[in-house]
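Novice: Here's a sequence, model it:
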Amino acid sequence: QLQLVESGGGLVQPGGSLRLSCASDGFQLGLFHIAWFRQAPGKEREAVSCIGTTDHSTDYADSVKGRFTISRDNPKNTVYLQMNNLKPEDTAVYYCHAEPVMVGRDYWGQGTQVTVSS
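Specialist: Next up is the predicted model:
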């Protein structure tokens, strides 16, 4: 079965850190642009960060710049989102999305919950 699997979410205090992982199962993640999205209760899903395929170019939402770092390890078919100095407003379900460089279908993961609370 072709799928994306996120992991690494959890409960953390404000100022803490988490590292999310997004791994592909059944296809090569290196052939896809990857983005992390998040959705808080009662809010629309928003883009957090993205990373290109071979050049590993990155982009970030203004709300997470300087705190979050996206990276990828293509041989391991995994993309990471290192989240530092977490704030309560970062609380959301985080999803990864894979968009193919060439023609083909895209993929969404099932989401991982991140809760920032004291």
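Novice: List the buried residues of stretch 87-97.
Specialist: Burial within stretch 87-97, assessed by neighbour count using 16 or more other CB atoms under 10 Å, is assigned to Asp90, Thr91, Ala92, Val93, Tyr94, Tyr95, Cys96, His97. Quick note: C-beta positions are derived from backbone N, CA and C, even for glycine.
Novice: ok, which pair from those is furthest apart?
Specialist: Thr91 and His97 (19.8 Å; CB to CB).
Novice: what's the residue closest to the geometric middle of this protein?
Specialist: Trp36 (3.2 Å; CA atoms, centre = their mean).
Novice: Following element in sequence after the one helix or strand that one maps to, please.
Specialist: Per DSSP states H and E, Trp36 falls inside strand 32-39. With elements assigned by DSSP H and E, the helix or strand that comes after strand 32-39 is strand 46-51.
Novice: mind listing what the residue nearest to the centre of the chain touches?
Specialist: For Trp36, the contact set (CB atoms under 8 Å, 6 or more residues apart in numbering) comprises 20, 22, 47-50, 70, 79, 81, 94-97.
Novice: coming back round to it: so for the strand holding Trp36, mean pLDDT?
Specialist: The pLDDT scores in strand 32-39 average 97.
Novice: Which residue, other than its chain neighbours, is closest to the residue nearest to the centre of the chain?
Specialist: In space, and not counting its chain neighbours, Trp36 is closest to Val48: 4.5 Å by CB to CB, 6 or more residues apart in numbering.
Novice: what about that neighbour, distance to Asp90?
Specialist: Val48 is 9 Å from Asp90, where distance means CB to CB, to the nearest Å.
Novice: try Met83
Specialist: For Met83, the distance to Asp90 - CB to CB - is 7 Å.
Novice: Report the distance from stretch 27-39 to the chain centre.
Specialist: 8 Å (CA atoms, centre = their mean, to the nearest Å).
Novice: and what of stretch 24-31?
Specialist: The answer for stretch 24-31 is 15 Å, by CA atoms, centre = their mean.
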